[in-house]
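Visitor: I would like the atomic coordinates for the input below:
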Amino acid sequence: MFAILGLLVVFGAVIGGYLLEHGNLHVLFQPAELVIIGGAALGSLLVANPLPVIIRVLKGLGGILGSDPYNRAFYLDSLKMLFALFQRARKDGLVKLEEDVDHPDKSQVFTKYPKFLKDHHALHFVCDTVRSVVSGGVGHFEVDQMMEIDMEVHHHEAGQPVSALTTVADSLPGLGIVAAVLGVVITMGALGGPPEEIGHKVAAALVGTFLGILMCYGVFGPLAALMGKRNDSAAHYYQVLRVAIVAFVKGLSPILAVEFGRRAIPHSVRPTFKQMEEACRQSNKA
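Guide: As a prediction, the model looks like this:
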């Protein structure tokens, strides 16, 4: 929501200031410049990245335009899920968790948390770890190492779309200059013609530079930065899952293991201990 609002402010301020100086909006509409800059930017994206990265760029752009999913309510729901999972292991034994991790869509625990089920990366992260613990012979140190490796791989993959979008943003001013140079070439070919025609072609050339710089610093650069921050939020979430699971594997009670996870949540979205305790009690009653 804020991303859309920010883009509206960017374009509103630029166009509003232009109109205050009695600028003509029709002059800014230059389809040829858009084709040159947009096509070259898209081509550079295709050249520099494999198809899976491009798909993740598109999905990432669609995701960041909404609100950040990692809010206080989301974390509280995740803590409830972890507590319910740990309670089941404490009451029925670790072996019973094999049914949950092998078929999470039929699990007594996971099916109560549809948001978690939809997050396939987080679901596999938890299920694969619990499966390793259930199999036996794996200590808390080894579990922590496995989860750390998994997080590093995921963070690296999540950073590839950000890097690709940042590269495109950095290329836009240069592509705007390319469009402007081509406009100057066309203008030079029109010398000797009517002054109005020459002025229109010069304006079109300058619009190319304008669009390249605006799209870099006003649109794609900020979007890449926001995508990076969303990745950081996801990394914090995985860290919460990791800390809580490792604490439980060490032998701590379910409520203490969940408390370890709560302490790993960023302060801005961290629920209080009372909120967590009340949520866990409700989960226990259910």
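
Visitor: Quick one: neighbours of A158, just the number.
Guide: 19 (other Cβ atoms under 10 Å). Where you see a C-beta, it was placed from the backbone N, CA and C, and this is true even at glycine.

Visitor: How about L76: what's its closest non-neighbour residue?
Guide: Nearest non-adjacent residue to L76, counting by Cβ to Cβ, 6 or more residues apart in numbering: P271, 4.7 Å away.

Visitor: Assign a three-state SS to that neighbour, would you?
Guide: Per DSSP: H, G, I helix; E, B strand; the rest coil, the secondary structure class of P271 is coil.

Visitor: For the helix or strand where G39 lies, buried residues please.
Guide: G39 is located in helix 31-48, with elements delineated by DSSP states H and E. With burial defined by 16 or more other Cβ atoms under 10 Å, the residues of helix 31-48 counted as buried are 33, 36-37, 40-41, 44-45.

Visitor: on that earlier part again, dihedrals phi and psi, the residue nearest to L76?
Guide: phi -70, psi 160 (degrees, to the nearest 10).

Visitor: ok so, going back, greatest separation within the buried residues of helix 31-48: which pair is it?
Guide: E33 and L45 (18.6 Å; Cβ to Cβ).

Visitor: How many neighbouring residues does the residue nearest to L76 have?
Guide: P271 - counted by other Cβ under 10 Å - has 18 other residues nearby.

Visitor: go on, the one 10 residues further on?
Guide: Around R281 sit 13 other residues, with neighbours defined as other Cβ under 10 Å.

Visitor: Helix, strand, or coil at it?
Guide: Under three-state DSSP, R281 comes out as helix.

Visitor: Please apply the same query to G193.
Guide: Per three-state DSSP, G193 ends up coil.

Visitor: Counting neighbours, what do you get for it?
Guide: 11.

Visitor: Next: the one 5 residues further on.
Guide: A count of neighbours around I198, defined by other Cβ under 10 Å, yields 15.

Visitor: That one contacts T187, doesn't it?
Guide: Yes: between I198 and T187 there is a contact under Cβ atoms under 8 Å: 6.2 Å.

Visitor: For the chain, which helix extends over the most residues?
Guide: helix 140-189 (DSSP state H).

Visitor: ok, the nearest residue to R242 once chain neighbours are set aside - contacts?
Guide: Once flanking residues are discounted, R242 sits nearest to M147: 4.5 Å by Cβ to Cβ, 6+ apart. M147 makes contacts with 125, 129, 238, 241-242, 245-246, as judged by Cβ atoms under 8 Å, 6 or more residues apart in numbering.
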